[in-house]
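In: sequence below, structure please.
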Amino acid sequence: MKLQNKRLMKLLASKIEPKVSIILPIHQGTPQIDENILTYKNLLKCVKKQLELNYPRRLWNQLVEKLESLVLDRELWHNEYRSLLIFGNDEGLEICQMRHAVLPKEHVGNTFLVQDLLLPEENKTSADYLINLSRDRINVFDIQTLKQVEIPGLYLNFADYYSDFDANSNLNSGSYGGLQANFHGHRSKSEEQQKDQLIYYQYLDQSFNELYRNKGYTFVLAGLPEVVNVFLNEYQNRNYIDGVMHVSVLNYSHQQFENKMKEFFSFEKVATIEKIKREFHQANEQNRVINDIAIIDFALNNHDVKSLVSFNDGSSYSIAHNKLLIKSLINKINCLVLYLPSAKNYSSINAILY
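Out: Below you'll find the predicted structure:
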């Protein structure tokens, strides 16, 4: 991945030392705020000790004041994220909220510990909404809160969109104009419903495309398989689709809904990791993978590296590896870190060459 945060990139590229990294888990719930703050205070205490032993006070005094002030920010210690990464030096301070769990860790030196920034689950842009499709209507849910919402200008059912449509009518004949053609004559109720479904789905496709182009919105599509597949048969390759669930969520309790979404995102994470592993093995078979630190550094300087891949069990932080990761980020080279139980089966740092 390539970091899009310009302020963070500027800080990572800074030559000013000392550089401080604080990595800590965030426990959810109001009673856990004090525990989160206590963990941070203990890590900060270790940071200050290392600074006092190794650097003149004038190089870090302002930074420590900023780090100490974070204790008073109650919102920082009570949020929906699972961990915080805090990076700072005399030039600036950046805080990153992460979705994955971490172990408490601090570091003071000539580089930042950035590997937790580069996990696939931290860099996949989450969809904005879940759309539960039915034949003649949709239900829209905010993907973060899982609460039902409305999107301004989007018709939630066919009857509202198509003003001539009478949902309670038993007529099997008529004449109406659609987006592409006029339909006339006698039709069975089933045929009418199928025509109406396709017209409504064409409208939805155009609306979703417009929301994607104008606002960048993406959607997870959900619904019964026989319903979702009708939509996907026409529009499955659209950029606005960020995932598909062949199940309706309408009758779920909030807890069931939450569990289903966790299951969905877990599956997406596994699929992404497997894709990266396949690409890595393919490059390895083509003799395009190197894993010696000095040779990787030379290849980076020579612009021969297509991507950098680190395999880790999630508990170790190599200074040398993190330096290579930062160098790759600065040079806009794709970087990925995979935390795997089987990490020992791979070289811990790998460069894939062009």
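
In: which stretches of the stretch 101-250 of the chain aren't confidently modelled?
Out: Where the stretch 101-250 of the chain drops to pLDDT under 70, the residues are 124-125, 163-188.

In: and the helices in it?
Out: 120-123, 158-161, 189-215, 225-235 (DSSP state H, counting those that start in this stretch).

In: doesn't I352 lie inside a helix?
Out: No. Using DSSP: H, G, I helix; E, B strand; the rest coil, the assignment for I352 is strand, not a helix.

In: I'd like the helices of the stretch 101-250 of the chain as TSV, with mean neighbour count and distance to V108 appended.
Out: Where C-beta positions appear, they are placed from N, C-alpha and C, glycine not excepted. Formatted as TSV, the helices of the stretch 101-250 of the chain follow (neighbours: other C-beta atoms under 10 Å; distance: least, C-beta to C-beta, whole Å):
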stretch	mean neighbour count	distance to V108
helix 120-123	17	24
helix 158-161	17	60
helix 189-215	16	42
helix 225-235	16	52
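
In: adding distance to L325, write those out as TSV.
Out: Shown next, in TSV, are those (distance: least, C-beta to C-beta, whole Å):
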stretch	distance to L325
helix 120-123	13
helix 158-161	49
helix 189-215	32
helix 225-235	38
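
In: those: which one's closest to V305?
Out: helix 120-123 (18.4 Å; C-beta to C-beta).

In: centre of the chain versus that closest one, how much separation?
Out: Between the centre of helix 120-123 and the centre of its chain there are 5 Å (C-alpha atoms, centre = their mean, to the nearest Å).

In: output the contacting helices and strands for it.
Out: If you count contacts as 3 or more C-beta pairs under 8 Å, 6 or more residues apart in numbering; DSSP states H and E, helix 120-123 packs onto helix 254-285.

In: now the helix it packs on: buried residues?
Out: F257, K260, M261, F264, F265, E268, K269, T272, I273, K277, F280, A283 (16 or more other C-beta atoms under 10 Å).

In: mind listing what the nearest residue to the last one once chain neighbours are set aside touches?
Out: In space, A283 comes closest to I352 once its chain neighbours are excluded; the distance is 4.6 Å by C-beta to C-beta, 6 or more residues apart in numbering. I352 sits next to E279, F280, A283, R288, V289, V305, K306, S307, L308, V309 when contact means C-beta atoms under 8 Å, 6 or more residues apart in numbering.

In: for I352, give the beta-bridge partners.
Out: I352 has these beta-bridge partners by DSSP bridges: V289, S307.

In: how close does it sit to Q115?
Out: 17 Å (C-beta to C-beta, to the nearest Å).

In: assumed L85 was part of a strand.
Out: Yes. Counting by three-state DSSP, one finds L85 located in a strand.

In: wait, isn't it in contact with L119?
Out: No. With contact defined as C-beta atoms under 8 Å, L85 does not reach L119; the gap is 11.3 Å.

In: what secondary structure does K332 sit in?
Out: From three-state DSSP, the assignment for K332 is coil.

In: likewise for I295?
Out: I295 is classified as helix under three-state DSSP.

In: how many neighbours does N331 have?
Out: Neighbour count for N331, taken as other C-beta atoms under 10 Å: 14.

In: use 36 as the first number from now on
Out: Sure thing, new numbering starts at 36, so read that last one as N366.

In: contacts only, for it.
Out: Taking C-beta under 8 Å, 6+ apart as the test, what N366 contacts is L335, H338.

In: let's see 10 Å
Out: K37, L335, N336, H338, V340, L343 (C-beta atoms under 10 Å, 6 or more residues apart in numbering).

In: now these: which count as buried?
Out: Buried, going by 16+ other C-beta under 10 Å: L335, V340, L343, out of these.

In: L267 touches E261, doesn't it?
Out: No. If you go by C-beta atoms under 10 Å, L267 and E261 don't touch, sitting 11.2 Å apart.

In: where do the contact lists of the two overlap?
Out: Joint contacts of L267 and E261 (C-beta under 10 Å, 6+ apart) are H281.

In: and S56, how far from R92?
Out: Applying C-beta to C-beta to S56 and R92 gives a distance of 20 Å.

In: of those two, who's got more company?
Out: Shown here are S56 and R92; by other C-beta under 10 Å, S56 has more neighbours (22 against 9).

In: any idea how far L388 is from L371?
Out: Counting by C-beta to C-beta - L388 and L371 are separated by 15 Å.

In: of those two, who's got more company?
Out: L371 (23 against 16).

In: re the thing from before, closest one to N357 among the helices of the stretch 136-285 of the chain?
Out: The nearest among the helices of the stretch 136-285 of the chain, by C-beta to C-beta, is helix 155-158 at 15.5 Å.

In: quick revisit: and R42, which of the helices of the stretch 136-285 of the chain is closest to it?
Out: Taking those one by one with C-beta to C-beta, helix 155-158 is closest: 17.1 Å.

In: got the CA positions of that closest one in CSV?
Out: The C-alpha atoms that make up helix 155-158 are tabulated as CSV, following Å, rounded to 0.1, in the frame of the first residue of the first chain:
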residue,chain,number,x,y,z
PRO,A,155,-4.1,-5.2,4.4
GLU,A,156,-7.1,-4.7,6.8
GLU,A,157,-5.9,-1.2,7.7
ASN,A,158,-5.6,-0.1,4.1
